[in-house]
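> No sequence on hand, only this structure:
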């Protein structure tokens with residue numbers, strides 16, 4: 001899911017290139033943080049983005 005150009009099987013509903021989460025992961029890693037999946041359901045997915053405090 002966090003790889004570039006990754007798209008879910010349901011991607012027909014929305015258009016995109018599959019870059020968003022990969023870019024978030026790269027930006028988080030650059031600043032010493034991370035992103036992970038917290039929960040998923042038919043209503044959607046919740047992600048947890050953590051960044052170190054300054």
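Yep, that arrived. Since the structure is predicted, the reported quantities are computational estimates derived from the model, not experimental observations.

> Correct me if wrong: residue 45 contacts residue 36.
No. Here residue 45 lies out of contact with residue 36, judged by Cβ atoms under 8 Å, at a distance of 10.9 Å. In short, each C-beta sits where N, CA and C put it, glycine included.

> which regions of the chain lie under the pLDDT threshold?
Low-confidence segments of the chain, defined by pLDDT under 70: 1-18.

> in this structure, which spans are strands?
34-41, 44-50 (DSSP state E).

> Turn these into CSV, including mean neighbour count and distance to residue 27.
Shown next, in CSV, are the strands of the chain (neighbours: other Cβ atoms under 10 Å; distance: least, Cβ to Cβ, whole Å):
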stretch, mean neighbour count, distance to residue 27
strand 34-41, 11, 9
strand 44-50, 11, 9
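
> which one of those strands lies closest to residue 28?
Minimum separation from residue 28 across these (Cβ to Cβ) falls at strand 34-41, 5.1 Å.

> hey, where'd the helices end up in this structure?
For the chain, the helices defined by DSSP state H cover 20-30.

> Good, we can wrap up now.
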